[in-house]
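**Student:** The sequence and its predicted three-dimensional model are supplied below.
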Amino acid sequence: MTIASRIDKLSVILAEDDAFLRKVLRSVLIAIGIKKIWSTENGAEAIELLGAHKADLLVTDIQMPKMNGLELMKYIRTGDAGCPKDLRIIAITSFSTPEVVVTALSLGVNGFLVKPITPGDALQKINIAMSEKFDLLTSEAYTSVITDLESIQKPLARGRKNVNAAISLTTRKAQGGITERDREIPLSQLKPGMQLQSDLVTKAGLTLVSAGQVLDERLTNRIAELAEVIDSKYVLIV
């Protein structure tokens, strides 16, 4: 039995501070068959809901008052939210702030929904989030993630680069930094178990996934979702 056939059994907490968007998102979730939805306007209230109800999935915006979506994710992953640490989480984003995407990945996000959200896209992302294998990191690893990002309040200027970002694949080619062990493949061909030989860097210059990382199912799914913000459509693997 597929996740789609069990969609009406899922319990979802929806966190979105904009009342109109919250209503729209709720309607989208209902349209794909979800019947049990608890809604809130901020992360602090979402934690209260997580402690009071047994939820299967959190769908959260990032920029919210009292507690933003990244802080909410951090509370969950460190075990401080009164729910399982491996609760599946889908973040609502526009991909306009790469820093947020990188941080969400560090917090084990299970999917991204891009506004405007359609029922078809929501169903697909929920299916992936609920079915993919997810291995938690240690609580300490999540505790070290910085969630109070300036870019949540003030988006990064277009074209701004992170001077500490890793060298991109294009630059490595120009400098002759590719060895015989490296194998270049399209992002679309990445599979769990492959090891990156080059960093995956966003168009804004932030390292999305570092070289040396062995991909699991969750990371492979996220890379596919984030293809439009990655600097190159090809990557080096060992």
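**Tutor:** That came in fine, so what should we check first? Owing to the predicted nature of the structure, the values given are computational and were not obtained by experimental measurement.
**Student:** what ranges do the helices span in this structure?
**Tutor:** Counting by DSSP state H, one finds helices in the chain at the ranges 19-31, 43-52, 69-77, 98-106, 119-131, 139-143, 150-153, 169-174, 217-225.
**Student:** neighbouring contacts of the second one?
**Tutor:** Contacts to helix 43-52, defined as CB atoms under 8 Å, 6 or more residues apart in numbering, come from residues 13, 15, 38, 40, 55, 58, 60, 64, 66-69, 71-72, 75-76, 81-83, 87. C-beta coordinates here come from the backbone N, C-alpha and C atoms, glycine included.
**Student:** about what we covered before: nearest to Asp199 among the helices of the chain would be which one?
**Tutor:** Asp199 lies closest, by CB to CB, to one member of the helices of the chain: helix 169-174, at 8.1 Å.
**Student:** Confirm for me that Lys125 is in contact with Val109.
**Tutor:** No. Between Lys125 and Val109 there is no contact under CB atoms under 8 Å: 10.9 Å.
**Student:** quick one, which of these two is more surrounded?
**Tutor:** Taking neighbours as other CB atoms under 10 Å, Lys125 and Val109 compare with Val109 leading, 24 against 20.
**Student:** which residues touch the more buried one?
**Tutor:** Residues in contact with Val109 (CB under 8 Å, 6+ apart) are Met73, Ile89, Ile90, Ala91, Arg222.
**Student:** Which of the helices and strands in the protein ranks last by mean pLDDT?
**Tutor:** Confidence across the helices and strands of the chain bottoms out at helix 169-174, with a mean of 43, counting by mean pLDDT, DSSP states H and E.
**Student:** and the closest residue to Arg222 other than its chain neighbours, how many neighbours?
**Tutor:** Counting by CB to CB, 6 or more residues apart in numbering, Leu105 is the residue found nearest to Arg222 once chain neighbours are left out, at 6.0 Å. Per other CB under 10 Å, the neighbour tally for Leu105 reads 19.
**Student:** I'd like to know how far the residue positioned nearest the centre of the chain sits from Lys35.
**Tutor:** The centre of the chain sits closest to Val109, judged by CA atoms, centre = their mean, with a distance of 3.9 Å. Going from Val109 to Lys35 by CB to CB, to the nearest Å gives 25 Å.
**Student:** buried residues in stretch 24-38?
**Tutor:** Residues of stretch 24-38 classed as buried: Leu25, Arg26, Val28, Leu29, Ile32, Ile34, Ile37, Trp38 (neighbour count, 16 or more other CB atoms under 10 Å).
**Student:** ok so, going back, now a PyMOL select for only the buried ones of the contacts of helix 43-52.
**Tutor:** In PyMOL, a selection of the buried entries from the contacts of helix 43-52 looks like this (16+ other CB under 10 Å):
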select buried, resi 13+15+38+40+55+58+60+64+67+68+69+71+72+75+76+81+83+87
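**Student:** isn't Val145 right next to Ser106, touching?
**Tutor:** Yes. Using CB under 8 Å, Val145 makes contact with Ser106 at a distance of 4.8 Å.
**Student:** with the buried residues of stretch 24-38 in mind, which one is nearest to Pro98?
**Tutor:** After measuring the buried residues of stretch 24-38 against Pro98 - CB to CB - the closest member comes out as Leu25, at 23.2 Å.
**Student:** is it true that the closest one touches Pro116?
**Tutor:** No. Counting by CB under 8 Å, Leu25 does not reach Pro116; the two are 10.3 Å apart.
**Student:** what's the closest non-adjacent residue to Lys203?
**Tutor:** Nearest non-adjacent residue to Lys203, counting by CB to CB, 6+ apart: Asp231, 5.2 Å away.
**Student:** Tell me, how many residues neighbour that neighbour?
**Tutor:** Neighbours of Asp231 under the rule other CB under 10 Å: 18.
**Student:** Before I go, just wanted to say thanks for your time.
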